[in-house]
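*Asks:* sequence plus predicted model, see below.
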Amino acid sequence: MAEALMATRRRLEGRGHVQLVEQSCMELLRATGAERASLWVLDERGRAVSPLVSVGSRVPRTDVARRWSRFPLERIGPFADAIAGGAPVRVDDVAAVDVPAELISDFEIASVWVAPLSLGGPALGVVVLEPAAAGDVADAVRCAEAVAQSLSAARAWYIADRREAELDLLLELTRTTAAPAPGGGAIAHLCQRLAAQVGVRRTCVFLVADGELITAEAHYADGRADPEEFRAFTSAPDPPAIVVEAFRRWQTVVMDGPASDLLGDWGHRFDIGSGVAVPIGTQHEPLGVLTLDDAQERRFTPQVVDLAEAAAAHFSVLYERARLLDEQARRLRAGAAIRQLLREGAGAATAGAAVEVVARVGREALEAEHACAFVFDDGGAIEHVLTVGIPTPFDELVSERFLGLRLSDMLLGRYVIDERRPVLVDDARDSDMVPAELLDGLYTRSYVAIPLGAGDRLRGGVLFSTSSHLRRWSQADRQLVEQLVLECDLIMENAVLREVEAERAADLAHLALHDALTGLPNRTLLDDRLHAALRASARTGGQVA
């Protein structure tokens, strides 16, 4: 299927469907004696033009022509005038009219004759003859009509090929969500496959949450991961303007260069040369915005944009399917982690051992990036700190800041003391539960705090957090946290009982071998030590002093 789709896309981006147009342009060239004939086609909305065919002398390179793909029609004055007036336009000095200087330089244009191409309906594009005098030939208009007929036929072939490519793409994506890659989530695999099949570098998904657009996914076509880049990507305070515009106008927005105002500093920070943003969902029930980007400028030809729009039209359904698959997989992993938690927790003999098990196994169950475990003394101060998944030197910084801290000095601490309930925070920057100075430099984005009690006393707590992205804790996450609280309280109570039992056993052993009034060793301890010495002497053949 992937090979078939690649072949179709190559056919769309190749020259198979324009051979007839090239032939008619050659006939026009010969009939008028022009040096060069070029054909520019309008997009389906009639707002942008793209160079399709150029025959004769000084034919621009493919990469040069591609830079002018989907260029706004209104910015090329002679093209816009010819289409608006429905008649040829002659320009003897292109530099004196409204034509971008870069276009004149890239195509080496001096004078032109521009004729609109139409078969009685909406304009299909324009044909350009150089020099302008070539348009004075009597057969110029008739041959231009022949070019319009060939362009109409080529467009019909192109539309058929495009529909085939779109169906192949949707079938491939549907199969992706039905059988995701074993090593990764369904959503990640869906985004990777979309970028790979369209032939661009990266797919990103911006979802609507509480009326705002947030970066939810960002995946490369080749599956590579860059945690630092992803952290910077998701920590940006606002999405790029191209995403906001696509969502506000509810239509596709294409960006052709990194210097565009639609990118701001995103182009430089994340090496974006061009991109497209397509809204997903419906205006009444918006899901968000889907973006595709590439390091190459003007990568998004009309054909690539068409494929992106076709994928976006069905992406909300595919995304929901992938999300359900990921949720199901997470529930299975969480169930396995809970069982592991109970098994390992059964052997915890101290409060410190209990919080260590909860931190290590609970982090896997919640799929958090980091975990901090705390043990509290009788006065409500943190007397022991243990970190899981926090690299050096941040682990040392956590211990330094939290060790000795009293729970009553934090809003979070006062809450868990009074309520004995977990706390879930989506965005640490918007919460005052933990003082900002404690989290400064730790890159904590979202967190869950779980209290661990035994009887009527709070003995410890665990903080699970993410630093690479904001985590919107779902209802399933909250249910899992509630279950963790119940199991963790049980583990802590059992650990405290074992700790008390061990202390009591040690006390009884001491009382059995020492006088209750003086605390000195009694006859039982003397007899025990004497018998031990005699047994050792018998084994070694030595003497007892």
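*Replies:* Thanks, I have it. The model shown is predicted, which means the values in this text are computed figures rather than measured ones.
*Asks:* pLDDT below threshold where in the protein?
*Replies:* Across the chain, residues meeting the criterion (pLDDT under 70) sit at 1-18, 63, 156-184, 258-260, 496-497, 500, 525, 541-545.
*Asks:* what's the domain layout of it?
*Replies:* For the chain, the TED database gives the domain ranges 12-164, 186-318, 347-500, 514-544.
*Asks:* out of these, nearest to Leu341?
*Replies:* With CB to CB as the measure, domain 347-500 is the member of the domains of the chain nearest Leu341 (4.3 Å). No exception for glycine: its C-beta is placed from N, CA and C like everyone else's.
*Asks:* list the helices and strands whichever strand or helix holds Leu480 packs on?
*Replies:* Per DSSP states H and E, Leu480 falls inside helix 475-513. Helices and strands touching helix 475-513, by 3 or more CB pairs under 8 Å, 6 or more residues apart in numbering; DSSP states H and E, are helix 302-345, helix 351-366, strand 423-425, strand 446-454, strand 457-466, helix 523-540.
*Asks:* any idea which of the ones you listed gets closest to Met410?
*Replies:* Per CB to CB, nearest to Met410 of these: strand 446-454, 10.0 Å.
*Asks:* and the closest one, how far out from the chain middle?
*Replies:* The chain centre lies 28 Å from the centre of strand 446-454; the measure is CA atoms, centre = their mean, to the nearest Å.
*Asks:* quick check on Ser50: phi, psi?
*Replies:* Torsion angles at Ser50 (phi, psi; degrees, to the nearest 10) stand at phi -140, psi 140.
*Asks:* what's near enough to touch it?
*Replies:* The contact partners of Ser50, by CB atoms under 8 Å, 6 or more residues apart in numbering, come to Trp40, Val41, Asp43, Trp68, Ser69, Arg70, Phe71, Thr301, Pro302.
*Asks:* quick check: beta-bridge partners of the nearest residue to Ile390 once chain neighbours are set aside?
*Replies:* Residue nearest to Ile390 in three dimensions, not counting chain neighbours: His370, with 4.9 Å by CB to CB, 6 or more residues apart in numbering. When assigned by DSSP bridges, His370 has beta-bridge partners Ser465.
*Asks:* do the one 5 residues further on as well
*Replies:* The bridge-partner assignment for Val375, based on DSSP bridges, gives His384, Gly460.
*Asks:* and the angle from the helix holding Leu480 to strand 457-466?
*Replies:* Relative orientation of helix 475-513 versus strand 457-466 (axes from the mean of the first three to the mean of the last three CA atoms, to 10 degrees): 140 degrees.
*Asks:* and helix 475-513, what's buried?
*Replies:* Of all the residues in helix 475-513, those buried under the rule 16 or more other CB atoms under 10 Å are 477, 480-481, 484-485, 487-496, 498-499.
*Asks:* ok, stretch 421-440 next?
*Replies:* By 16+ other CB under 10 Å, the buried positions in stretch 421-440 come out as Pro422, Val423, Leu424, Val425, Asp426, Ala428, Ser431, Met433, Val434, Leu438, Leu439.
*Asks:* not counting it itself, show me its contacts.
*Replies:* Outside stretch 421-440, the residues that touch it by CB under 8 Å, 6+ apart are 401-402, 405, 410-412, 415-416, 444-451, 465, 470-473, 477-478, 481-482, 484-485.
*Asks:* cutoff 6 Å now
*Replies:* The contact list for stretch 421-440, computed with CB atoms under 6 Å, 6 or more residues apart in numbering, reads 401, 411-412, 444, 446-450, 470, 472-473, 481, 485.
*Asks:* could you tell me which of those residues count as buried?
*Replies:* Among these, those scoring as buried are Arg401, Leu412, Thr444, Ser446, Tyr447, Val448, Ala449, Ile450, Leu470, Trp473, Val481, Val485 (criterion: 16+ other CB under 10 Å).
*Asks:* roughly how far does the closest residue to the fourth one other than its chain neighbours sit from Arg333?
*Replies:* Take Ser446 and drop its neighbours on the chain: the residue closest to it by CB to CB, 6+ apart is Arg471, 3.8 Å away. Here Arg471 is placed at a distance of 16 Å from Arg333 (CB to CB, to the nearest Å).
*Asks:* again with Ala246
*Replies:* Distance from Ala246 to Arg333, counting by CB to CB: 35 Å.
*Asks:* same question for Ala133.
*Replies:* Distance, Ala133 to Arg333, using CB to CB: 74 Å.
*Asks:* also Ser474?
*Replies:* Separation of Ser474 from Arg333 (CB to CB): 15 Å.
*Asks:* among the contacts of Ser50, which one lies nearest to Gln283?
*Replies:* Distances from Gln283 to these, taken as CB to CB, are shortest for Asp43 (22.0 Å).
*Asks:* quick one: residues contacting that closest one.
*Replies:* Counted by CB under 6 Å, 6+ apart, Asp43 has contacts Pro302.
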